[in-house]
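In: Mind folding the following:
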Amino acid sequence: MPILHAPPSSINPLRFLSLLPRPTALPTLRSPPTVIRLARRFASMANSSAASGAASPEHVAGDWYSVPELRLRDHRFAVPLDYSADRNASQRISVFAREVVAVGKEEQQLPYLLFLQGGPGFESPRPTESSGWLLRACEEFRVILMDQRGTGLSTSLTVSSMSQIKSAENLANYLIHFRADNIVNDAEFIRVRLVPDAGPWTILGQSFGGFCAVTYLSFAPQGLKQVLITGGIPPIANGCTADIVYKAGIESVTVQSEKYYKRYPQDAEVVREVVKYLAESEGGGVILPSGGILTPRGFQTLGLSGLGFSASFERLHYMLERVWDPVLVPGASKQMSYFFLKAFENWLGFDTNPLYALLHEPIYCQGASSQWSAHRVIGEDESKFDAVEAAKEGRPVLFTGEMIFPWMFDEIHVLKPFKEAAQILAEKKDWPPLYDVTALNNNKVPVAAAVYYEDMYVNFKLSMETASQLAGIRLWITNEYMHSGLRDAGGRVLEHLLGMLNGKKPLF
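Out: Sure, this is the predicted structure:
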């Protein structure tokens with residue numbers, strides 16, 4: 001039977017650093033009133049529940065179960081959709097978190113570590129065994145794998161579930177609550193109900209999870225014991241930083257495309273042949289298994305998964321090996337293989353994680369609209385990325401990277417119903433702040449970050465600019481790993497970061 005947990009009897013309100021004037025090239029953002037009200041509300045709810053002696057339906061915990069060398073327990077929390085609204089008026093959604101410990105440590109008093117997954121719009125890992133960074137973490141932590149709101153088992157926003165919201169405006173208004181600010185609110189909601197005496201915990205943020213970690217440091221540092229970031233230091237300037245992100249991204253994908261063709265020079269002609277075939281096909285492309293259409297510009301998006309991870313070059317090459325069906329009958333027309341078309345859709349992943357497409361640019365917005373930033377920025381270098389023109393001229397066709405374009409909502413079948421909502425989000429100006437530069441300048445929480453020198457997704461230069469604003473951060477800069485360092489060598493990466501904070505790694 002599930003166990004109902006009451007919140008702890010007392011919670012310290014959120015503490016905010018005083019806004020001291022200091023020279024900085026970046027604007028100061030004040031902590032939003034929502035966070036202050038949230039702190040008081042958490043304290044009030046906890047004290048009220050404790051006084052009444054009643055169990056709280058806001059947290060339900062399941063029984064322990066096992067995978068090899070690990071013990072797991074599921075938790076579900078009923079959290080407000082909108083933390084700025086009145087507690088009794090706001091719609092509730094469910095946030096799921098999985099507690100993980102090494103076998104035999106279920107009852108031990110262990111410090112807590114919250115893992116924040118990359119994305120946006122991707123669920124937390126599903127452990128099948130004790131390995132990688134999780135193996136190392138479970139040596140000393142009680143790990144919490146939280147499905148960020150809208151993903152996994154946390155009131156998942158899927159292609160089918162979002163279809164329940166018929167109005168594009170209503171859907172857009174719903175989606176605005178699924179950024180880093182509310183992911184941090186959810187984490188704090190969980191912490192004060194799960195951690196004994198509502199003590200601070202350690203967080204490990206990978207990629208977008210690192211962005212969330214910096215938001216956490218900005219507005220709720222009292223909940224943090226220490227912070228570990230892997231490939232995820234965000235740009236923190238006011239307005240919408242997407243433009244500078246994509247300008248840097250164009251440079252990265254150009255370099256990575258050139259590297260790819262140096263490793264697999266034979267693929268330059270294969271890619272040109274594919275682009276010509278798609279351009280000359282009826283309707284300007286080939287129908288995909290889902291009903292969408294693969295066009296030359298859609299084909300270029302293979303760079304999203306094919307250029308930035310370890311072994312991704314190899315995966316892309318082997319995928320291109322099977323782009324054509326064999327000719328079984330003499331004189332039969334050439335056609336693209338179902339294998340390739342299906343593999344292409346699987347690589348994109350929009351059918352299972354559509355939030356990535358809908359919220360990718362909004363994660364960079366504070367008080368300004370994105371206005372389809374990637375589309376505008378790449379349009380400034382249109383001839384360079386014109387696949388059809390490159391194929392005609394015999395030039396290597398450049399792939400694109402981590403960019404979402406408005407035309408995707410026409411060409412990708414599962415995204416078509418959300419085109420209008422995506423447009424509303426692209427035009428939205430009044431996004432609330434995600435970072436407080438003054439708080440980061442005065443940070444007291446120990447922070448260690450792995451910064452990958454050749455990271456295609458989180459630009460090195462932009463990461464270093466933010467790091468210069470985050471007091472006390474310790475950096476491990478390496479080109480040994482790409483963006484997938486935590487996945488590829490998780491135990492070693494986590495050990496290195498922990499060592500930087502506990503004195504095992506020298507300061508200089």
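In: And the residue nearest the centre of this protein?
Out: G119 (2.0 Å; C-alpha atoms, centre = their mean).
In: so what's the residue lying closest to that residue once chain neighbours are set aside up against?
Out: Leaving aside its chain neighbours, G119 sits nearest to F208 (4.5 Å; criterion: C-beta to C-beta, 6 or more residues apart in numbering). Quick note: C-beta positions are derived from backbone N, CA and C, even for glycine. By C-beta atoms under 8 Å, 6 or more residues apart in numbering, F208 lies in contact with 116-120, 180, 232, 363.
In: With pLDDT and distance to W476 added, can I get those residues in a markdown table?
Out: Below are the contacts of F208 laid out as a markdown table (pLDDT from 0 to 100; distance: C-beta to C-beta, whole Å):
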| residue | pLDDT | distance to W476 |
| --- | --- | --- |
| L116 | 98 | 18 |
| Q117 | 97 | 21 |
| G118 | 96 | 18 |
| G119 | 94 | 23 |
| P120 | 96 | 25 |
| A180 | 98 | 23 |
| G232 | 97 | 13 |
| I363 | 97 | 24 |
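In: Quick one: end-to-end distance for stretch 76-88.
Out: Stretch 76-88 has an end-to-end distance of 19 Å (criterion: C-alpha to C-alpha, to the nearest Å).
In: Could you do stretch 324-344 as well?
Out: Stretch 324-344: ends 13 Å apart by C-alpha to C-alpha.
In: Check stretch 296-312 too.
Out: Stretch 296-312 end-to-end distance (C-alpha to C-alpha) = 20 Å.
In: can I get the CA coordinates of stretch 415-422 in CSV?
Out: The C-alpha coordinates for stretch 415-422 follow below in CSV (Å, rounded to 0.1, in the frame of the first residue of the first chain):
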residue,chain,number,x,y,z
LEU,A,415,4.1,18.9,-34.6
LYS,A,416,1.5,20.2,-37.0
PRO,A,417,-1.3,20.5,-34.4
PHE,A,418,0.9,22.8,-32.3
LYS,A,419,2.0,25.3,-35.0
GLU,A,420,-0.2,28.1,-33.7
ALA,A,421,0.7,27.6,-30.1
ALA,A,422,4.4,27.6,-31.1
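In: pLDDT on it, on average?
Out: Regarding stretch 415-422, the rounded mean pLDDT is 98.
In: what do you get for stretch 343-360?
Out: Here the average pLDDT along stretch 343-360 is 94.
In: Walking through the stretch 201-350 of the chain, point out its helices one by one.
Out: Secondary structure of the stretch 201-350 of the chain (DSSP state H, counting those that start in this stretch): helices located at 208-219, 242-263, 266-280, 296-300, 303-306, 312-321, 338-348.
In: buried set for stretch 433-452?
Out: 433-443, 445-452 (16 or more other C-beta atoms under 10 Å).
In: what do you get for stretch 317-328?
Out: 317, 319-320, 323-324.
In: Phi, psi for the residue nearest to the centre of the chain please.
Out: phi 160, psi -130 (degrees, to the nearest 10).
In: List the residues that contact the residue lying closest to R263 once chain neighbours are set aside.
Out: Distance criterion C-beta to C-beta, 6+ apart; nearest residue to R263, sequence neighbours excluded, is F313 at 5.7 Å. Taking C-beta under 8 Å, 6+ apart, we find F313 in contact with 259-260, 263-264, 306-307.
In: pLDDT and distance to K428 added to those residues, as TSV?
Out: Below are the contacts of F313 laid out as TSV (pLDDT from 0 to 100; distance: C-beta to C-beta, whole Å):
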residue	pLDDT	distance to K428
K259	97	37
Y260	98	36
R263	97	41
Y264	98	41
G306	95	31
L307	96	30
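In: Would you mind listing which of these are buried?
Out: 260, 264, 306-307.
In: quick one: which of the helices of the stretch 201-350 of the chain is nearest E69?
Out: helix 208-219 (24.2 Å; C-beta to C-beta).
In: And the closest one, how far out from the chain middle?
Out: 11 Å (C-alpha atoms, centre = their mean, to the nearest Å).
In: How about stretch 408-416?
Out: 21 Å.
In: just stretch 408-418 next, same as before
Out: Using C-alpha atoms, centre = their mean, the offset of stretch 408-418 from its chain centre is 21 Å.
In: likewise stretch 239-256?
Out: Distance of stretch 239-256 from the chain centroid (C-alpha atoms, centre = their mean) equals 17 Å.
In: how about S66, secondary structure?
Out: strand (DSSP: H, G, I helix; E, B strand; the rest coil).
In: which parts of the helix or strand hosting S161 are buried?
Out: Using DSSP states H and E, S161 maps to helix 159-162. Across helix 159-162, burial judged by 16+ other C-beta under 10 Å covers 159, 162.
In: Contacts for that helix next, please.
Out: 171, 351, 354, 414, 417-418.
In: In helices, which of these appear?
Out: Per DSSP state H, helices hold the following members of the contacts of helix 159-162: L171.
In: now the contacts of helix 159-162 in TSV, with distance to E106 and neighbour count?
Out: Formatted as TSV, the contacts of helix 159-162 follow (distance: C-beta to C-beta, whole Å; neighbours: other C-beta atoms under 10 Å):
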residue	distance to E106	neighbour count
L171	41	22
D351	37	16
P354	37	24
V414	41	20
P417	44	16
F418	42	24
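In: Report the two of the contacts of helix 159-162 separated the most.
Out: L171 and D351 (17.5 Å).
In: and the end-to-end length of stretch 201-215?
Out: So stretch 201-215: terminal residues 15 Å apart, C-alpha to C-alpha.
In: quick one: it to chain centroid distance?
Out: 10 Å.
In: Same check on stretch 181-198?
Out: 19 Å.
In: Could you do stretch 285-304 as well?
Out: With C-alpha atoms, centre = their mean, you get 23 Å for stretch 285-304.
In: same question, stretch 233-251
Out: The mean C-alpha position of stretch 233-251 is separated from the chain mean by 15 Å, C-alpha atoms, centre = their mean.
In: can you give me the mean pLDDT across it?
Out: Mean predicted confidence for stretch 233-251 is 95.
In: how about it: buried residues?
Out: 233-250.
In: any low-confidence regions in the stretch 201-350 of the chain?
Out: Applying pLDDT under 70 to the stretch 201-350 of the chain flags no residue at all.
In: at 90 instead, please
Out: Scanning the stretch 201-350 of the chain for pLDDT under 90 picks out 331-332, 348.
In: separation between the residue nearest to G119 and F409?
Out: 21 Å (C-beta to C-beta, to the nearest Å).
In: Kindly report the same for E69.
Out: 44 Å.
In: what domains does the record give for this protein?
Out: With domains defined by automatic domain parsing, the chain comprises 56-236+434-501, 242-427.
In: winner for burial among the ones you listed?
Out: Of these, the one with the most neighbours on average (mean count of other C-beta atoms under 10 Å) is domain 56-236+434-501, at a mean of 20.
In: Secondary structure of I363: a strand, I assume?
Out: No: counting by three-state DSSP, I363 is not found in a strand; it is helix.
In: For it, which residues are in contact?
Out: Applying C-beta under 8 Å, 6+ apart to I363 gives the contacts 120, 179-180, 208, 211, 434.
In: Tell me the one of those residues nearest G490?
Out: Distances from G490 to the contacts of I363, taken by C-beta to C-beta, are shortest for F208, at 17.1 Å.
In: quick one: that closest one from I229, how far?
Out: 11 Å.
In: just D381 next, same as before
Out: 31 Å.
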